[in-house]
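okay, here's the prediction I keep looking at, along with the sequence it came from:
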Amino acid sequence: MIGYVTLGTNDLARAARFYDELLSSIGAKRVFDMETFIAWGTGPDQPGVAVTKPFDGKPATVGNGVMVALAMDSTAKVDALYAKAIELGATDEGAPGPRGPGFYAGYFRDLDGNKLNAFFMG
């Protein structure tokens with residue numbers, strides 16, 4: 001159902017460097033690259049993540065309650081992606097760990113303050 005999720009940024013080059021490194025660690029690569037919009041994905045039939053400068057020209061702001069959840073296929077991969085995000089300058093929003101029966105997740109904010117998590121269900 002979800003094709004892609006877009007996150008706002010006020011510094012596209014900085015956001016691109018962050019997501020190039022972060023998302024390449026889980027096999028994603030740039031699938032769309034324009035002057036104000038960059039998207040990453042793992043395949044044409046898979047959901048993607050994009051960053052963009054807002055179309056209206058106003059500053060990007062963080063959506064309260066908005067979060068992008070990145071599915072991993074193991075707890076080790078959750079730990080690794082979370083660690084990579086922190087290494088790249090993300091801020092901690094909840095270290096990886098169990099969050100209920102069968103749900104394991106780590107939460108962080110990117111360089112623009114957008115909230116993401118890496119999660120594993122199983």
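Here it is on my side, so go on.

can you give me the helices for the chain?
Defined through DSSP state H, the helices belonging to the chain, from first to last, are 12-24, 75-87.

out of the ones you listed, which comes closest to Val66?
For the helices of the chain, proximity to Val66 was assessed by C-beta to C-beta; helix 12-24 is nearest, at 15.7 Å. The C-beta positions use only the backbone N, C-alpha and C, and glycine is treated the same way.

tell me the angle that closest one makes with helix 75-87.
Put simply, helix 12-24 runs at 160 degrees to helix 75-87, going by axes from the mean of the first three to the mean of the last three C-alpha atoms, to 10 degrees.

residues in contact with helix 12-24: which ones?
Applying C-beta atoms under 8 Å, 6 or more residues apart in numbering, the external contacts of helix 12-24 come out as 7, 9, 29-30, 36, 38, 40, 49, 51-53, 81, 84-85, 88-90, 110-112.

for it, output the C-alpha coordinates as CSV.
Backbone C-alpha positions of helix 12-24 (Å, rounded to 0.1, in the frame of the first residue of the first chain) are rendered in CSV as follows:
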residue,chain,number,x,y,z
LEU,A,12,19.3,18.5,1.1
ALA,A,13,23.0,17.8,0.7
ARG,A,14,23.5,17.0,4.4
ALA,A,15,20.4,14.8,4.5
ALA,A,16,21.5,13.0,1.3
ARG,A,17,24.9,12.2,2.9
PHE,A,18,23.2,10.9,6.0
TYR,A,19,20.6,8.7,4.1
ASP,A,20,23.1,7.5,1.5
GLU,A,21,25.2,6.0,4.3
LEU,A,22,22.4,4.9,6.6
LEU,A,23,20.2,3.3,4.0
SER,A,24,23.1,1.7,2.0
